[in-house]
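> take this sequence and fold it.
(one chain, ligands or ions: 1)
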Amino acid sequence: MVLPGKDAVSMFTVTNAILTLGTYVALRLVYQIVYYRFFHPLSVFPGPFWGSVTRLWIAWHSLRETEVATVHAFTKRYGPVIRITPTLLLVSDPTKLPEIYHRHADKTGHYITGSFGETESLFNIRSHKTHAAFRKLIAGPYSFSNVKRMELLIDTQIEAWLKKLDETFACTGISFDFSWWAVYVAYDVISEIGFGAPIGFIEQGKDVGGLIQGFHDGLPAFGLLARLHPLTSWVKTTFLKKYLIAKPEDNTGIGVLMRFRDRLIDQRFREIAEGKDVGQVDLLQTFIDARTDNGKPLENEYLKAEVLLVLLAGADTTGTAFQSLVHNLLTHRDTYERMMEEIDAASRKGVLPNTIPQYEAILEHLPYYVACVRETIRLNPPAPNIFPRYVSEPGIELFGKFAPAGTEITGNPWIMHRDWALFGADAEEFRPERWLDAEKAKLYNKYLFTFGYGTRVCLGKDIAMEELLKGPLQFFRRYTLCVATDKPSAQFVVKGGIGFWRDMWITISTRPPVQPLVI
Ligand code: HEM
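Alright, predicted model coming up:
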């Protein structure tokens, strides 16, 4: 016999438990939507409906590679500040940069650690106080005077790259996808500067160990984990943590890089222990020589994290800027011709040697070429990403509305550099001439966000600029470029906040060197 009471209990435990849970989840969702949309302190800021109620909106757009275009379109519709997650405001007016990226601003949970290894590097440190202490130790090696000492290392790799291009493509007339070759030279320059040895991209003429591809493949997950940072932080407290943290044993691009880094660091320490005169001026040696206020060397794990950061932050980004410059010139033939006339005139005058010119000579004698580089990093910043900070006490006034302390706030260089008020109605066009007006150029430089802003600005900026002024210049002087018409067209993609080109098919032929005029 079945007891009616027992039947009721079993019905409750199964169906009702599911119903109760379902109702709870539904009510939580409705509560979250209503609260974030109508009662949250940021509800006074305009923005996309789904963005204002869930982080999944931005995560979805990041994953679909539509984030930049979508957010840009919303700033055009709603004005200089929009809400793109329940707790994150995006500002598109560059004159607000000093207020957002001030010296006491902390980085948010967006900079979740793990994707680049367990130990935090300078880039991931969130507290402005901790960051200031570490940056003091690390900034010396990146100083302009130290970068000047590395100029020869950069030149050696650029020369090796041109030699390889001569043999492989200029002599044969074979078309090739320049997007890869721009990154090959960038990686070998950075690894030469970072560890005193090129990885070997140029020599092998291929993506060694699938490193570049592996890095690009990891970007969507990297962007996703950052955008869903409260969830990521929680996952890191569970057993799943081990899947989030990159390790040298991993069979990924980051794993390959970590192993390469560890080998070179071990080798350097061995040489030092054997009393060899290392004679290196690379970043690794300057990190090894760095001392804290009480005379201690950097912890080994921290040193490793900083060296890895050099590769991760410095190679792909610089390669992308080189790609964008070539793309912009190939699609703006008048600009290209004007730039070449300037370069050839300087060569004829004898102020540019046929070998790779010194950085200062380029700045002094090639204002239009320099303007082309600057315009490229304005219009095509290699990291068209969000860089969120917490608003500190007592909050911030934004165009008549108030955001309390603790709000996440960000700019995006791609969007800020398209601001009409600062750059004019042609802000979305490639027009290097805008940089030739000294007064305006001063203002543009003040609000340039390509390398970040304020106390967390890119430490490798001088290295990147030196490389970008030298490598492309010698490439343009050496070759006539033609777009290969029988191949797919060039495409710019943004994955997880990092941009790069694909399918930049070109052919190159050698230009006779322009000799100085003898009078
Ligand atoms: C065109 C090339 C480059 C671009 C566009 C770029 C961009 C950036 C940006 C936007 C940041 C700041 C991110 C933030 O606020 O969270 C940054 C930080 C950093 N970059 Fe670069 N970077 C480039 C090249 C390099 C190179 C060549 C190196 C090293 C050799 C480097 C090393 C660093 C380091 C160490 C930081 C962290 C600075 C800190 O937090 O104090 N970058 N970079």
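> work out for me the element the residue nearest to residue 160 when sequence neighbours are not counted sits within.
Nearest residue to residue 160 in three dimensions, chain neighbours excluded: residue 202, at 5.1 Å (CB to CB, 6 or more residues apart in numbering). Bear in mind the C-beta positions are built from the backbone N, C-alpha and C, glycine included. According to DSSP states H and E, residue 202 maps onto helix 201-204.
> what average pLDDT does that helix get?
Throughout helix 201-204, pLDDT has a mean value of 97.
> chain center to it, what's the gap?
23 Å (CA atoms, centre = their mean, to the nearest Å).
> which parts of that helix are buried?
Residues of helix 201-204 classed as buried by neighbour count (16 or more other CB atoms under 10 Å): 201-202.
> quick one: contacts for the residue nearest to residue 160?
Remark: with contacts taken as CB atoms under 8 Å, 6 or more residues apart in numbering, residue 202 is in contact with 157, 160-161, 164, 184-185, 188.
> in TSV: these, plus secondary structure.
As requested, the contacts of residue 202 are exported to TSV (DSSP: H, G, I helix; E, B strand; the rest coil):
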residue	secondary structure
157	helix
160	helix
161	helix
164	helix
184	helix
185	helix
188	helix
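> so, low pLDDT: which residues of the stretch 201-350 of the chain?
Scanning the stretch 201-350 of the chain for pLDDT under 70 picks out 278-281.
> and it, which of its residues are near the ligand?
Residues of the stretch 201-350 of the chain that fall close to the ligand, judged by CB under 6 Å from any ligand atom: 309-310, 313-314, 317-318, 321.
> one step back: most neighbours among the contacts of residue 202, which one?
Highest neighbour count within the contacts of residue 202, by other CB atoms under 10 Å: residue 185, with 28 neighbours.
> and for the residue of the stretch 351-500 of the chain found nearest the ligand, the neighbour number?
The ligand sits closest to residue 460 of the stretch 351-500 of the chain, with a gap of 1.9 Å, by CB to the nearest ligand atom. Neighbours of residue 460 under the rule other CB under 10 Å: 23.
> looking at the residues of the stretch 201-350 of the chain next to the ligand, which are in helices?
Counting by DSSP state H, the members of those that fall within helices are 309-310, 313-314, 317-318, 321.
> up against the ligand, what does the chain have?
So far as CB under 6 Å from any ligand atom goes, the chain lies against the ligand at 122-123, 135, 190, 309-310, 313-314, 317-318, 321, 382-383, 387, 450-452, 456, 458-460, 463-464.
> what segments of the stretch 301-450 of the chain are strands?
Secondary structure of the stretch 301-450 of the chain, counting by DSSP state E, counting those that start in this stretch: strands at 389-390, 396-398, 401-403, 408-410.
> could I get these as CSV with mean neighbour count and mean pLDDT?
Output for the strands of the stretch 301-450 of the chain, formatted as CSV (neighbours: other CB atoms under 10 Å; pLDDT from 0 to 100):
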stretch, mean neighbour count, mean pLDDT
strand 389-390, 22, 98
strand 396-398, 17, 97
strand 401-403, 17, 98
strand 408-410, 22, 98
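> hmm, residue 283 is touching residue 196, no?
No: counting by CB atoms under 8 Å, residue 283 sits too far from residue 196 to count as a contact (9.0 Å).
> who has more neighbours out of the two?
Neighbour comparison, residue 283 and residue 196: the larger count goes to residue 283, with 26 against 19 (by other CB under 10 Å).
> so what's that one up against?
With contacts defined as CB under 8 Å, 6+ apart, residue 283 is in contact with 141-142, 193-195, 307, 310.
> and those as a markdown table, adding neighbour count and secondary structure?
Converted to a markdown table, these look like this (neighbours: other CB atoms under 10 Å; DSSP: H, G, I helix; E, B strand; the rest coil):
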| residue | neighbour count | secondary structure |
| --- | --- | --- |
| 141 | 23 | helix |
| 142 | 18 | helix |
| 193 | 26 | helix |
| 194 | 27 | helix |
| 195 | 24 | helix |
| 307 | 25 | helix |
| 310 | 25 | helix |
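> which one of those sits closest to the ligand?
For those, the nearest to the ligand is residue 310 (4.6 Å; CB to the nearest ligand atom).
> need the residue closest to the centroid of this structure.
When CA atoms, centre = their mean is applied to the chain, the residue found nearest the centroid is residue 383 (3.6 Å).
> from memory it sits against residue 498, does it?
Yes: at 5.8 Å, residue 383 counts as touching residue 498 under the criterion of CB under 8 Å.
> common neighbours of these two, please.
Counting by CB under 8 Å, 6+ apart, the residues touching both residue 383 and residue 498 are residue 317.
> check what contacts stretch 472-479 and list those residues.
In this structure, residues lying in contact with stretch 472-479 by CB under 8 Å, 6+ apart are 158, 162, 165-166, 170, 322, 325-326, 329, 339-340, 343, 347, 356-357, 362, 366, 369, 373, 508-511, 513-514.
> buried subset of those?
Using 16+ other CB under 10 Å, the buried members of the contacts of stretch 472-479 are 158, 162, 165, 170, 322, 325-326, 329, 339-340, 343, 347, 356-357, 362, 366, 369, 373, 508, 514.
> picking that back up, number of residues surrounding the nearest residue to the residue of the stretch 351-500 of the chain closest to the ligand once chain neighbours are set aside?
With CB to CB, 6+ apart as the criterion, residue 460 has its nearest non-adjacent residue at 4.9 Å, and that residue is residue 314. The tally of other residues near residue 314 (other CB under 10 Å) stands at 24.
> and what of residue 315?
Number of residues near residue 315 (other CB under 10 Å) recorded here: 27.
> before we move on, what SS does the nearest residue to residue 246 once chain neighbours are set aside have?
Here the nearest residue to residue 246 in space, its sequence neighbours aside, is residue 254; by CB to CB, 6+ apart that works out to 4.4 Å. Put simply, residue 254 is helix when judged by three-state DSSP.
> my guess is residue 254 contacts residue 212. True?
No: contact criterion CB under 8 Å: residue 254 and residue 212 do not qualify, at 11.8 Å.
> circling back to that earlier point, for residue 226, find the nearest of the strands of the stretch 301-450 of the chain.
Among those, strand 408-410 comes nearest to residue 226, with 11.4 Å by CB to CB.
> direction included, what does that closest one pair against?
strand 88-91 (parallel), strand 389-390 (antiparallel) (DSSP bridges).
> what sits up against that strand?
Defining contact as CB under 8 Å, 6+ apart, one finds that strand 408-410 is touched by 85, 87-91, 100, 108, 110, 386-391, 396, 403.
> ranges for the helices of the stretch 101-250 of the chain?
128-142, 144-149, 151-165, 178-195, 201-204, 211-227, 229-235, 241-244 (DSSP state H, counting those that start in this stretch).
> buried deepest among these, which one?
Most buried of the helices of the stretch 101-250 of the chain, by mean neighbour count (mean count of other CB atoms under 10 Å): helix 178-195, with a mean of 26.
> packing partners of that one?
When contacts are defined as 3 or more CB pairs under 8 Å, 6 or more residues apart in numbering; DSSP states H and E, helix 178-195 sits against helix 151-165, helix 201-204, helix 211-227, helix 253-273, helix 283-289, helix 300-330, helix 461-478, strand 498-502.
> kindly recompute the last result at 6 Å.
Under the contact criterion of 3 or more CB pairs under 6 Å, 6 or more residues apart in numbering; DSSP states H and E, helix 178-195 touches helix 151-165, helix 201-204, helix 283-289, helix 300-330.
> residue 405: what's its closest spatial neighbour, skipping adjacent residues?
For residue 405, ignoring the flanking residues on the chain, the nearest one in space by CB to CB, 6+ apart is residue 393 at 4.5 Å.
> I'd say the one you found and residue 404 touch.
No: look at residue 393 against residue 404 with CB atoms under 6 Å: they stay out of range, at 9.1 Å.
> these two: which has the busier surroundings?
Applying other CB under 10 Å to residue 393 and residue 404 shows that residue 404 carries more neighbours, namely 12 against 8.
> how about the contacts made by the more buried one?
With contact taken as CB atoms under 6 Å, 6 or more residues apart in numbering, residue 404 is in contact with 41, 395.
> can you get me a residue count around residue 449?
Other residues close to residue 449 by other CB under 10 Å number 21.
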